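**Student:** just coords:
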């Protein structure tokens, strides 16, 4: 279950400042949440009064509505949507955190490459003006 697999992520992020989950796995979890949420919402649409009851006697429509009220289907769909919404927000937060870490790493790589290019450029200039011997 998606909820069981992701329940420790906020605690790990709060305690360690990072989570030990791959970007691919986060994307999979987000996809699973989307699928589950879609299934719940499609089920909610399916639970509207079927066409059969539009042409059926009124007592069957009333019975169908009472069964839906008794089972609290609308409330259950709303609760599931809320839970999946929270789960989706958490996974997006983890994904944003991972993206920020990745961008920071890329920025440092660029900084070091620029510094290396400056050093090489300085060595080339020093070689041209005769401060050091060319290799």
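**Tutor:** Sure thing, it's come through. Since the model is a prediction, treat every value here as computed from it, not as a measurement.

**Student:** for the chain, what helix or strand is lowest in average pLDDT?
**Tutor:** helix 51-55 (a mean of 70; mean pLDDT, DSSP states H and E).

**Student:** and the helix or strand where residue 29 lies, what does it pack against?
**Tutor:** Element membership for residue 29 (DSSP states H and E) is helix 23-46. If you count contacts as 3 or more Cβ pairs under 8 Å, 6 or more residues apart in numbering; DSSP states H and E, helix 23-46 packs onto helix 2-6, helix 73-128. Backbone N, C-alpha and C define where each C-beta goes, glycine included.

**Student:** can I get the ones you listed in a markdown table with mean neighbour count?
**Tutor:** Shown next, in a markdown table, are those (neighbours: other Cβ atoms under 10 Å):
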| stretch | mean neighbour count |
| --- | --- |
| helix 2-6 | 14 |
| helix 73-128 | 13 |
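
**Student:** to residue 65, which of the ones you listed lies closest?
**Tutor:** When the helices and strands packed on helix 23-46 are compared by Cβ to Cβ, helix 73-128 sits nearest residue 65, at 10.5 Å.

**Student:** mind checking how far the helix holding residue 29 is from the chain centre?
**Tutor:** Distance of helix 23-46 from the chain centroid (Cα atoms, centre = their mean, to the nearest Å) equals 11 Å.

**Student:** what residues sit buried inside that helix?
**Tutor:** For helix 23-46, the neighbour count (16 or more other Cβ atoms under 10 Å) marks 26, 29-30, 32-33, 36-37, 40, 44 as buried.

**Student:** min pLDDT across those residues, which one?
**Tutor:** Ranked by pLDDT, the buried residues of helix 23-46 bottom out at residue 44 (64).

**Student:** and residue 6, what does it touch?
**Tutor:** 29, 87, 90-91 (Cβ atoms under 8 Å, 6 or more residues apart in numbering).
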